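K.L.:
coords below, sequence missing:
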């Protein structure tokens, strides 16, 4: 099992450009999450999904959109990147409520710089 | 959102000593807590979890203590090793399976 994978690993954008971050998991998890991590701060939830075709807002959703067209994939989009979106982005997945197991498995992260 | 904070941002310990990392949470309704370890350049990795109906849980070399009265969580690492050097985060949720709230992290450095 590859677990949770993220592409790309690094990206540099100019202000106003758009991009999509891809997250894939092969553990058949129902729940998937996108977080951002900034220096000196904990992870903050951007958006999450409780199943294929569903998405919901987290703590800091502004400026981002997501889609969960397939159970194994969760896409994070930036329509018009801003320097404030410079961060490390982590994707995670979990079984969710099933069996009461809520451990989240994290991907390796995507380091995004917006100039 | 709810705040989850750590008392100490950095901690240095000698190899072989025990480490204690603390975490305070503010939502008394939180019912599930997780400790994560994050090594440099990697994503967080699950260490141990505890539910609010417990006050102690042990794993391999790690113990988590939960004091609901003062809303405090701690992670104890026995016989700390150089490989334990990392940033440790606590996370809480009061909606199991949905949103977790993470603390800012404590950087643990193990001195050989």
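P.N.:
Alright, I've got the coordinates. Just so it is clear, the structure is predicted and the values come from calculations on it, not from any experiment.

K.L.:
At the geometric centre of chain A, which residue sits there?
P.N.:
Nearest to the mean C-alpha position of chain A, by Cα atoms, centre = their mean, lies residue A:34 at 2.6 Å.

K.L.:
Distance check, that residue against chain B.
P.N.:
Distance of residue A:34 to chain B, given as Cβ to the nearest Cβ, to the nearest Å: 12 Å. From N, CA and C alone the C-beta is placed, and that goes for glycine too.

K.L.:
Just give the number of residues close to residue B:67.
P.N.:
12 (other Cβ atoms under 10 Å in any protein chain shown).

K.L.:
any idea how far the nearest residue to it once chain neighbours are set aside lies from residue B:47?
P.N.:
Computed as Cβ to Cβ, 6 or more residues apart in numbering or on different chains, the closest residue to residue B:67 that is not its neighbour in sequence is residue B:55, at 7.0 Å. To residue B:47, residue B:55 is 18 Å away according to Cβ to Cβ, to the nearest Å.

K.L.:
Wondering if the one helix or strand residue B:37 maps to reaches chain A at all.
P.N.:
Taking DSSP states H and E as the criterion, residue B:37 maps to strand B:32-38. Yes. Judged by Cβ under 8 Å from any Cβ of the partner chain, strand B:32-38 comes into contact with chain A at B:32, B:34.

K.L.:
what comes into contact with the helix or strand following that strand?
P.N.:
Per DSSP H and E, the first helix or strand lying C-terminal to strand B:32-38 is strand B:45-51. Residues outside strand B:45-51 that contact it (Cβ atoms under 8 Å, 6 or more residues apart in numbering or on different chains) are A:102-106, B:31-39, B:56-57, B:59, B:62-64, B:66, B:73, B:75, B:88.

K.L.:
Neighbouring strands of strand B:45-51 in the sheet, and parallel or not?
P.N.:
Strand pairing for strand B:45-51, using DSSP bridges, gives strand B:32-38 (antiparallel).

K.L.:
Buried residues of the partner strand, list them for me.
P.N.:
B:32, B:33, B:34, B:35, B:36, B:37, B:38 (16 or more other Cβ atoms under 10 Å in any protein chain shown).

K.L.:
who has more neighbours, residue B:55 and residue B:47?
P.N.:
Higher neighbour count among residue B:55 and residue B:47: residue B:47, with 20 against 12, using other Cβ under 10 Å.

K.L.:
for the nearest residue to the more buried one once chain neighbours are set aside, what are its contacts?
P.N.:
Nearest residue to residue B:47 in three dimensions, chain neighbours excluded: residue B:35, at 4.5 Å (Cβ to Cβ, 6+ apart). Residues in contact with residue B:35 (Cβ under 8 Å, 6+ apart) are B:21, B:46-49, B:62, B:64, B:73, B:75, B:88-91.

K.L.:
Many thanks, I have nothing further to ask.
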